[in-house]
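Undergrad: predicted coordinates and the sequence they were generated for:
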Amino acid sequence: MLPVTETSNVLTEHIDVSPPLEILKQLQACDAEIFNGWKDYLSIKSEETVHLIGHLAQVAATILKDVSHNAIVLSGCGTSGRLAFLLCRSFNQVLTNQGLPGCYEYIIAGGDKALLTSQEAPEDDPHSGIQALKKVTEGKKKVLLIGITCGLSAPFVAGQLEYCMDNPDKYIPVLLGFNPVQYARNLPIENWNKTFLEVARRLEDCSKNKAGSAFIINPVVGPEAITGSSRMKSGSATKIILETVLTMAHQITEQCSNTTVTDAVKGLLSSYQTIYNATYTYSDQIVQFIDWAGMSLNNNGHVYYIGMDSLGVMGIIDASECPPTYGATLEDIRGFVVGGYHCYGNREGSLVHLGEPFNLSAEHFKEDMIDNLTTYDTVIFLLREEDLHKLHENIPKIAESVLKHTNQFGAIFFQETEDKDHVDKQSTLSHFKHHISVELPWRQIQQQTAPIFHIEPKDEQVKHFSTFLIEMSLKWILNSVSTGGHILIGKVYKNFMIDVRVSNNKLYHRAIGIIKQFAECSYDEAKTALLKSIYSSDTVPDNDNLVTSQHINKATSMDKVVPTALVMAVINCSIEEARKVLQEFTVVSKALQSIKQTGNHGKQTDPLKQ
């Protein structure tokens, strides 16, 4: 049986041939499973999950009583690590505003470089994970480690959890993911003597033997809309759960809540569901951005997100996920934040020396990139009301410069007051060719959270939680734009990302699975086709002398590894013939459709043009 996170979702089986509005409806249906659950598994709102979230919040609160000597560490790989960074950034700001030192530390496999580009191979190294944990917790008395791995599969996190269990006086380990424990990966891990399943089973025993000494929080939110793309539903559920846990922990510490922990958790989770419902009511307007993104990507253009503070960070996160997911280039979709690295706030500081894709300053975009825009580029501003006030003098000037080159200039604006017809606000927004004014149901949210944020002055408490909700809404919108754009250019076949980059163990095995399914061949035949593609050879290298990590190291920097292998397996041809097919059909899904229709790889015709 496949893990839930690697299973194809029946709701999106035809998303690859759907128009933008239908794509959005299917994404909306998938995201509903975050709250409604999937089949008979425990959901995010089930009593057991709510109890676990509340209990973990209470444990986190004990850590927060001594922020100078304790630490809360969030660790993950890829999207999970980027969300760990975002949350640590947010909650350290909460502490700073209270005049306290930050006690939140993030770990991402591959270091800060992985915040912006795919550095996923390090996630296969448990020893690297352990060393990173030791480094950020040196000198700390008590540490709460929350290891995030959506599929219960990352060796990097497994090593950290195992180390914590070996050192219980200092560490409290938490595993956060979205598969039942029995579906944790049970494959051998190179240079280690355990599988992830063995670590998860041990953690399960620890959590049962001594309450509060270890946790596994693993509600099932259903298969992803794009199979295995855990940046989407799993990423959203990660943000929702951890913000609920940590918001509640701070409320417990400050004795601000006027309700039970269980009811408070339910209220916070309901607020996110309210935001979900509100966000998708703007589908008719989001469609325009999906169309623009598809047009840009289909014509070698680019999509640029520009925002302030955490909305800028959300844009950067969405952009960074596209290369490993869709085989996109680092330039296809990029995010920028006003203030650059000073605002971004990562541990290692500026990474501009690593190359152009690492320059995330909105000022760099304004000064050095606007004049190079083309008619096929898309520029989208990500704005809150306070951002609009700060930028209202600059936006007309930027608009004038951008519109000289492209009309695909828009904004996603979050309305936070009832004064939506304010002249200056509407005047500023009028400079965009298309904008969405997202008005979230703040009165309903206030009712849901009133017992939680009841002590005056509550402005600061409510402001932080409101920011989390706005970020969540923006995440759903941006995921729709980048996913929809790549669907429109054929990067998805049925609901599989068939141009995935083979950059770690998880993606290596996923690639074999994709080839096996669509070529209708055996596992060994699919693996053989993949290795031929990786080594650009019609003969398979001697597997006895090579380990999986060597295949991955070879494949990481290569383009169209999976599409080439897939064509070879489908029509049983040489690697040279497969590459000729892909030269004729640059869109992989069209190549596969043509091959399956004609049965003759020498004379394909594009069925979409017939």
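TA: Sure, I can see it.
Undergrad: for stretch 338-345, buried residues please.
TA: Buried residues in stretch 338-345, defined by neighbour count with 16 or more other C-beta atoms under 10 Å: Val338, Gly340, Tyr341, Cys343, Tyr344, Gly345. In this view, the C-beta of every residue, glycine as well, is placed from N, C-alpha and C.
Undergrad: what of stretch 275-295?
TA: Across stretch 275-295, burial judged by 16+ other C-beta under 10 Å covers 275-276, 278-280, 282-283, 285-295.
Undergrad: next: stretch 110-117.
TA: Judged by neighbour count using 16+ other C-beta under 10 Å, the buried positions of stretch 110-117 are Gly110, Gly111, Asp112, Lys113, Ala114, Leu115, Leu116, Thr117.
Undergrad: just these: which are in strands?
TA: Using DSSP state E, no member of the buried residues of stretch 110-117 sits in strands.
Undergrad: and the contacts of stretch 489-497?
TA: Here stretch 489-497 makes contact (C-beta atoms under 8 Å, 6 or more residues apart in numbering) with 8-9, 12-16, 225-229, 294, 297-298, 325-328, 486, 498-499, 514, 517-518, 587-590, 592.
Undergrad: hmm, who's touching stretch 385-402?
TA: Applying C-beta under 8 Å, 6+ apart, the contact partners of stretch 385-402 are 307-309, 311, 338, 366, 370-371, 373, 379, 381, 383, 409, 413-417, 424-425, 428-429, 431-432.
Undergrad: you'd agree Val174 is in a helix?
TA: No: according to DSSP: H, G, I helix; E, B strand; the rest coil, Val174 belongs to no helix; its state is strand.
Undergrad: going forward can the numbers begin at 6, since that is how I track them
TA: All right, first residue 6 from here; so that's Val179.
Undergrad: who touches it in this structure?
TA: Counting by C-beta under 8 Å, 6+ apart, Val179 has contacts Leu61, Leu149, Leu150, Ile151, Gly152, Ala219, Phe220, Ile221, Ile222.
Undergrad: center of this protein - which residue?
TA: Geometric centre of the chain, nearest residue: Arg236, 2.9 Å, by C-alpha atoms, centre = their mean.
Undergrad: and that one, how far is that from Val292?
TA: 21 Å (C-beta to C-beta, to the nearest Å).
Undergrad: over to Met374?
TA: The gap separating Met374 from Val292 is 26 Å, by C-beta to C-beta.
Undergrad: may I ask you to confirm that Gly42 is in contact with Lys50?
TA: Yes: with contact defined as C-beta atoms under 8 Å, Gly42 and Lys50 form a contacting pair (7.4 Å).
Undergrad: give me the longest helix you can find in this protein.
TA: Taking DSSP state H as the criterion, the chain has its longest helix at helix 464-493.
Undergrad: can you mark which positions in that helix are buried?
TA: In helix 464-493, counting by 16+ other C-beta under 10 Å, buried: 466-467, 469-493.
Undergrad: on the three-state scheme, the closest residue to Gly42 other than its chain neighbours is what?
TA: Nearest residue to Gly42, sequence neighbours excluded (C-beta to C-beta, 6 or more residues apart in numbering): Ser48, at 3.0 Å. At Ser48 the chain is in coil, as set by three-state DSSP.
Undergrad: quick check, Ser48 in contact with Ala242.
TA: No: the criterion here is C-beta under 8 Å, and Ser48 misses it with Ala242 at 9.9 Å.
Undergrad: report the set of residues contacting both of the two.
TA: Pro224, Val226.
Undergrad: report the secondary structure state of Phe458.
TA: Here Phe458 is recorded as coil under three-state DSSP.
Undergrad: any weak-confidence spans in this protein?
TA: Across the chain, the ranges flagged by pLDDT under 70 are 125, 261-263, 423-428, 459-464, 548-550, 591, 604-615.
Undergrad: make it 80
TA: The model of the chain has pLDDT under 80 over residues 124-126, 260-264, 422-429, 456, 459-466, 546-551, 590-615.
Undergrad: let's have the buried residues of stretch 343-350 in JSON lines, adding secondary structure.
TA: Formatted as JSON lines, the buried residues of stretch 343-350 follow (three-state DSSP):
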{"residue": "Val343", "secondary structure": "coil"}
{"residue": "Gly345", "secondary structure": "helix"}
{"residue": "Tyr346", "secondary structure": "helix"}
{"residue": "Cys348", "secondary structure": "helix"}
{"residue": "Tyr349", "secondary structure": "helix"}
{"residue": "Gly350", "secondary structure": "coil"}
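Undergrad: would JSON lines of these with distance to Lys565 be doable?
TA: Listed next are the buried residues of stretch 343-350 as JSON lines, based on distance: C-beta to C-beta, whole Å:
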{"residue": "Val343", "distance to Lys565": "36"}
{"residue": "Gly345", "distance to Lys565": "33"}
{"residue": "Tyr346", "distance to Lys565": "33"}
{"residue": "Cys348", "distance to Lys565": "36"}
{"residue": "Tyr349", "distance to Lys565": "32"}
{"residue": "Gly350", "distance to Lys565": "36"}
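Undergrad: quick revisit: out of the contacts of stretch 494-502, which are inside helices?
TA: Using DSSP H, the subset of the contacts of stretch 494-502 located in helices is 299, 302-303, 330-331, 491, 519, 522-523, 593-595, 597.
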